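# output the structure for:
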Amino acid sequence: MTSPLAGFPLLSEISAEDQEKLESYLETRELDAGSVLFHGGEEADALYFAIEGALTIRADGQTMAELAAGEVLGALSLISIGRRECDAVAAAPTRVMSLTREHYLRLRDDLPGLALCLQEAVLRSFANLVRGVVGESRAAPGALS
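Numbers count the residues shown, from 1 in each chain. Here you go, the predicted structure:
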């Protein structure tokens, strides 16, 4: 049986066997269309894997992004304590799997090698995102001048 985590770019360097181990630390949540996964201002306490459906990300009443199955949301919340900057609302019937900070801390105790691989993947993903934003701003006429 294929893991629901198979195919997530964030987990591409984590073996199928370790992805299955990671699954035992995750909680599944089903959302109806229009249901709120979280609100801006709430404590960011979980990483979410979008397994099925779609999520709309909103800030200040404006849609910022649409996330589909196979995408990850809130990964930095495992590493950095803070408040959510946006709302996440199911755009369709949606299934997510979450790794709460509490379960991540248990994973670090139980399987430190897997936890380290996951943490490194989160940080690589964030670094690539930042590099992309910086690269885009440097390419824009008059940017950073």
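# please make it C-alpha for all contacts and neighbour counts, starting now.
OK.
# same for the longest helix seen in the chain, what does it pack against?
In the chain, taking DSSP state H as the definition, the longest helix is helix 112-139. Helices and strands touching helix 112-139, as assessed by 3 or more CA pairs under 8 Å, 6 or more residues apart in numbering; DSSP states H and E, comprise helix 101-110.
# quick check: mean pLDDT across the longest helix of the chain?
For helix 112-139, mean pLDDT is 84.
# from the chain's centroid, how far away is stretch 32-40?
15 Å (CA atoms, centre = their mean, to the nearest Å).
# other residues contacting that stretch?
Where contact means CA atoms under 8 Å, 6 or more residues apart in numbering, the residues beyond stretch 32-40 that reach it are 31, 59, 83-94.
# nearest to Ala16, out of the residues you listed: which one, please.
Relative to Ala16, the closest of these is Thr94; by CA to CA it sits at 23.6 Å.
# related to what we said a few turns ago, between the contacts of stretch 32-40, which has the most around it?
Ala88 (25 neighbours; other CA atoms under 10 Å).
# how about the longest helix of the chain: buried residues?
114-115, 118-119, 121-123, 125 (16 or more other CA atoms under 10 Å).
# quick one: which of those is nearest Glu13?
When the buried residues of helix 112-139 are compared against Glu13 (criterion: CA to CA), the nearest one is Ala121, at 7.8 Å.
# of all residues in the protein, which one is nearest the centre?
Nearest to the geometric centre of the chain sits Leu73, at 2.5 Å (CA atoms, centre = their mean).
# any stretches of the protein with poor pLDDT?
Low-confidence segments of the chain (pLDDT under 70): 1, 133-145.
# follow-up on the earlier one: and the contacts of stretch 32-40, which of them are in strands?
Members of the contacts of stretch 32-40 lying in strands (criterion: DSSP state E): 31, 59, 87-90, 94.
# touching, the residue nearest to the centre of the chain and Phe49? I think so.
Yes - in this structure, Leu73 is within contact of Phe49 by CA atoms under 8 Å, at 6.6 Å.
# ok, Phe49 to Glu85 distance?
Phe49 sits 18 Å away from Glu85, going by CA to CA, to the nearest Å.
# which phi and psi values does the residue nearest to the centre of the chain adopt?
phi -140, psi 130 (degrees, to the nearest 10).
# returning to what we had before: next, the angle from the longest helix of the chain to helix 101-110.
120 degrees (axes from the mean of the first three to the mean of the last three CA atoms, to 10 degrees).
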